[in-house]
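Could you look at this predicted model? Sequence included:
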Amino acid sequence: MNNDGFDKHVGFVNIGNTCYMNSALQIIVHCDVLSNIMLKSNKLMGELSESYRRFIHEYNNSKNYSSITPDTIKYIMGNKYNSFVKSSQEDSHEFLICMLDYLEEDFKKNNISLISGLFDCKMRTVIKSTESEQKSFKTEFVRFLCVPIPDKNNVTLEDCFNEYIKSDIISSWESPNKNKEDAIKETYIEEFPYYLIFQLKRFMFDGSSKKNDALVNVEEKWYSTIFSKNIYYELKGIVLQSGNLSGGHYVSYIKINNKWYCFNDSEVSKVKTKLIMKVVKKAYMLFYVRKNKKRESPTYYDSKMSLPNKKYKLIK
């Protein structure tokens, strides 16, 4: 194993409409920092964390292009979250949220702060009155950026991001001095995580679920003024959803040692980068890894399971 993640191409058996789980699991497994730490941990308290550690060992010891069955993960997640008990089609994004939340609970039992440090964006919301000097501030941590797709031609991921953080006009805002005033709401990302995960809002609910199949142009290496000048983000994984929420199918694409692989449940196949750059335009979720321009493969963890204190802030 190296800093790019597992040198593995192992599929997951579908145990009854579990493509949503299998695609999300492939994303989590290939979070190299998390997986390396799990493999080094022999004394984790918590049902999911201990079972997932064993699952990672099984994955790591499997032969390339073989498949394993994630039935224990499915059982544990079903015990915690009712929506995953049955064999109905569920949402890959929702499974990913729940599994990382559950792992975070287990890590906290072991006095380890890991999941939030790896995956959370630090968001700051500022509301400014347009009628006075009144302001309010709110800071929160967001694990996934659920971004809308603007209704325009040649949409880029950065367009989606800008739509997500754009300013809003608020009428009759209650200011700190209890007055009703008009205001502007502005959102900033103060700190970006190591793993940056996007969910594109492809489903609209207005009496029936409709899917937005608009193409979104995505860069494999994403350089932007929204990041610190020392970093960029590299595309590591994709979750593609075909069909609709009630009857669709999920597959994931993972970049391993600069080569792309398609994980379609138990089937694994190599994919050319040209094809990936077409597929990614239809992505449901995008999984990016932070890179340092000066060093391509720094060490992001140590034997004490701690993370670096250095944070990268949005340049405004």
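Okay, I see it. Residues are numbered from 1 along each chain as shown.

Let me see the contact set for the closest residue to Ser83 other than its chain neighbours.
Excluding the flanking residues, the one nearest Ser83 by C-beta to C-beta, 6 or more residues apart in numbering is Glu90, at 5.8 Å. All C-beta spots, glycine's among them, are computed from the backbone N, C-alpha and C. Contact partners of Glu90, counting by C-beta atoms under 8 Å, 6 or more residues apart in numbering, are 17, 20-21, 83-84.

quick one: pLDDT of Glu90?
What the model reports as pLDDT for Glu90 is 90.

My reading is that it is in a helix; is that accurate?
No - applying DSSP: H, G, I helix; E, B strand; the rest coil, one finds Glu90 to be coil, outside a helix.

Which strand or helix spans the nearest residue to Ala214 once chain neighbours are set aside?
Spatial nearest neighbour of Ala214, excluding adjacent residues (C-beta to C-beta, 6+ apart): Ile149 at 5.2 Å. Assessed by DSSP states H and E, Ile149 sits outside every helix and strand.

What ranges in the stretch 151-300 of the chain fall below the confidence cut-off?
Scanning the stretch 151-300 of the chain for pLDDT under 70 picks out 205-209, 245-246, 295-300.

That one: strands as residue ranges?
With DSSP state E, counting those that start in this stretch, the ranges of strands along the stretch 151-300 of the chain come out as 168-174, 180-192, 195-200, 203-205, 209-211, 221-222, 231-242, 249-256, 259-264, 267-271, 285-292.

Which one of those lies nearest to Asn110?
Closest to Asn110 of the strands of the stretch 151-300 of the chain is strand 195-200 (C-beta to C-beta; 20.3 Å).

hang on, the earlier thing: for the residue nearest to Ser83, give its distance to Ser113.
Going from Glu90 to Ser113 by C-beta to C-beta, to the nearest Å gives 29 Å.

wait, Asn230 sits on Lys294?
Yes - contact criterion C-beta atoms under 8 Å: Asn230 and Lys294 qualify, at 6.7 Å.

Give me the more crowded residue out of the two.
Neighbour comparison, Asn230 and Lys294: the larger count goes to Asn230, with 12 against 8 (by other C-beta atoms under 10 Å).

Run a quick neighbour tally on the nearest residue to the more buried one once chain neighbours are set aside.
Take Asn230 and drop its neighbours on the chain: the residue closest to it by C-beta to C-beta, 6+ apart is Lys293, 5.6 Å away. Look at Lys293: counted by other C-beta under 10 Å, it has 11 neighbours.

what are the phi and psi angles of Lys293?
phi -60, psi -30 (degrees, to the nearest 10).

Hmm, it is touching Ile231, no?
Yes - taking contacts as C-beta under 8 Å, Lys293 lies within contact range of Ile231: 6.6 Å.

Which phi and psi values does Pro150 adopt?
The phi/psi pair for Pro150 (degrees, to the nearest 10) is phi -60, psi 150.

Fine, thanks again, bye for now.
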